[in-house]
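# please find the sequence and the predicted model below.
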Amino acid sequence: MKLDLRTIIEVPGGRVPFAHTLETERLDFPQVTAYTAPITAQGEVKNTAGILELTGSLHCEMRCICDRCGTEFERVKELPLQATLTADPEGSDDPELFPLEGDALDLDDVLETLFVLDMESKFLCREDCKGLCEQCGANLNDGPCGCKKPIDPRLAVLEQLLDKKDD
């Protein structure tokens, strides 16, 4: 979606509100199995002393797979939006500046970029997820699995000494 900003580019204090639903085809993450509701964003672009600033919020509901235990879980993501816009894309190499296309802003590009940059590198069903047992594959969040802890081969000889004492 192109957001027309020509009415505020030369008007300090000018504002252009927006409400937009983001398409998900370019937001493909291996841990996200589905977006359970449309990704919505709302906010405004404001001209503050000649600097265009986008502010707002983004709401996303998704079904994810935990990176530690493999359990599927629901996640709601609320993302505050803040981006600085520039009319001169060649004048700055700053990656935090988003260029205008003439007098318009490619809102999809800005929102997708902010969403991807804020996405977690690890998806966990909960902060204290214990993961899976290395031996039997049981989900340790459900309780201990009962597997014996493997013995370090360097200490196996000492275990033989303990076995002889029991005789």
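Ah, there it is. Numbering: from 1, shown residues only.
# which residues touch the residue most central in space within the chain?
Centroid-nearest residue in the chain, with C-alpha atoms, centre = their mean: M119, separated by 1.3 Å. Listed by C-beta atoms under 8 Å, 6 or more residues apart in numbering, the contact set of M119 reads F29. Just so you know, the C-beta spots here come from the backbone N, C-alpha and C atoms, and that holds for glycine as well.
# quick one, helices of the protein?
With helices called from DSSP state H, the chain shows them at 107-118, 156-165.
# out of these, deepest packed?
Across these, the average number of neighbours (mean count of other C-beta atoms under 10 Å) peaks for helix 107-118, which reaches a mean of 17.
# packing partners of it?
strand 15-22, strand 39-48, strand 51-65, strand 72-86, strand 97-99 (3 or more C-beta pairs under 8 Å, 6 or more residues apart in numbering; DSSP states H and E).
# the fourth one to strand 51-65, inter-axis angle?
Per axes from the mean of the first three to the mean of the last three C-alpha atoms, to 10 degrees, the angle that strand 72-86 makes with strand 51-65 is 170 degrees.
# I would like the residues contacting strand 72-86, please.
5, 33, 36, 41, 43, 45, 51-66, 92, 96-100, 105, 110-111, 114-115, 118, 123, 125.
# so which bits of it are buried?
Neighbour counts over strand 72-86 (16 or more other C-beta atoms under 10 Å) mark 75, 79, 81, 83, 85-86 as buried.
# of all these, which two lie farthest apart?
R75 and T86 (32.9 Å; C-beta to C-beta).
# I figured V32 was touching C64, is that so?
Yes - the pair V32 and C64 qualifies as a contact (C-beta atoms under 8 Å) at a distance of 5.5 Å.
# neighbour count for these two, which is higher?
Using other C-beta atoms under 10 Å as the criterion, V32 and C64 rank with C64 on top: 21 against 17.
# so what's the residue count around the closest residue to the more buried one other than its chain neighbours?
Nearest non-adjacent residue to C64, counting by C-beta to C-beta, 6 or more residues apart in numbering: F123, 4.6 Å away. For F123, the neighbour count with other C-beta under 10 Å is 19.
# quick one: F123 and K148, what's the gap?
Using C-beta to C-beta, to the nearest Å, we find F123 at a distance of 31 Å from K148.
# and the chain, what are its domains?
2-129, 134-167 (automatic domain parsing).
# poorly predicted segments of this structure, please.
88-95, 163-167 (pLDDT under 70).
# L111 and T21 touch, don't they?
No - using C-beta under 8 Å, L111 makes no contact with T21, being 9.9 Å away.
# list the residues that contact both of those two?
A41.
# now do the residue nearest to E44 when sequence neighbours are not counted against L3, distance only.
Closest residue in space to E44, ignoring its immediate chain neighbours: P17 at 4.6 Å, by C-beta to C-beta, 6+ apart. With distances taken as C-beta to C-beta, P17 is found 10 Å from L3.
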